[in-house]
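Participant: Below: sequence and its predicted model.
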Amino acid sequence: NKDLDGDESTAVDRDDYSRIGRVRSLCFLRLSQMLSKFSFSIDFIKFGKRLWNSMTSSVIALPNTVVNAENPPSLLQLIETVASQRELIPLLQESDNAVIAMFKCIEGTTRSKVIGCIMRAIDGLLTDGGSFVDGDSVTVKAHSLGQKLILKHIHLLISQFTKRLTSDS
């Protein structure tokens, strides 16, 4: 399959990587749907370490995937789902990298749909799975697990918002 220049092999490799990326993205989206649908009946927390360990490279690469991205990546949508449901928030406690990666996605070049996804996740963490956006009265427990996760990395969050607000983009 390789010509003298090796171009065909490189094209096949790129196609394979692209296909793998699409499959990975679909897996993240399906996992997000499953977690959301069954969070009340299945305790997913016991799978937290294995879940995040299997996604380590994707989590670390997440901030690079949002650069000029029009829509939020599927992994960021998965993190939003976890942050938006009280029963799932303890999963984020299993991986500091997930929260850090989400915060690092806030840059000057981050588009509004991606920022919206991040803000909904932060909203979920602050309200223990509720939302200030709903317009309903939300009872917020002081120092809930979600708030503790944000407080643990508050300097990074402030730093990233400062970058975003002072950028020329």
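Facilitator: Cool, got the structure.
Participant: Now do stretch 115-133: everything it contacts.
Facilitator: The contact list for stretch 115-133 (Cβ atoms under 8 Å, 6 or more residues apart in numbering) reads 72, 76-77, 79-80, 83-89, 92, 102-103, 105-106, 110, 136, 138-141, 144-147, 149-150, 157, 164. Every C-beta, even on glycine, is put in place using the N, C-alpha and C of the backbone.
Participant: cool, and stretch 21-41?
Facilitator: Against stretch 21-41 from outside (Cβ under 8 Å, 6+ apart): 44, 58, 73-75, 77-78, 81-82, 85, 87-88, 91.
Participant: Report the buried members of the contacts of stretch 115-133.
Facilitator: Buried by 16 or more other Cβ atoms under 10 Å: 72, 76-77, 79-80, 83-89, 92, 102-103, 105-106, 110, 144, 146-147, 149-150, 157, out of these.
Participant: Identify those among these that sit within helices.
Facilitator: Of those, the ones assigned to helices by DSSP state H are 76-77, 79-80, 83, 89, 92, 102-103, 146-147, 149-150, 157.
Participant: got those residues as CSV, with distance to Leu126 and pLDDT columns?
Facilitator: Shown next, in CSV, are these (distance: Cβ to Cβ, whole Å; pLDDT from 0 to 100):
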residue, distance to Leu126, pLDDT
Leu76, 18, 98
Gln77, 19, 98
Ile79, 15, 98
Glu80, 13, 97
Ala83, 9, 96
Ile89, 11, 96
Leu92, 13, 96
Met102, 13, 98
Phe103, 14, 98
Gly146, 6, 95
Gln147, 6, 95
Leu149, 10, 96
Ile150, 7, 96
Leu157, 11, 97
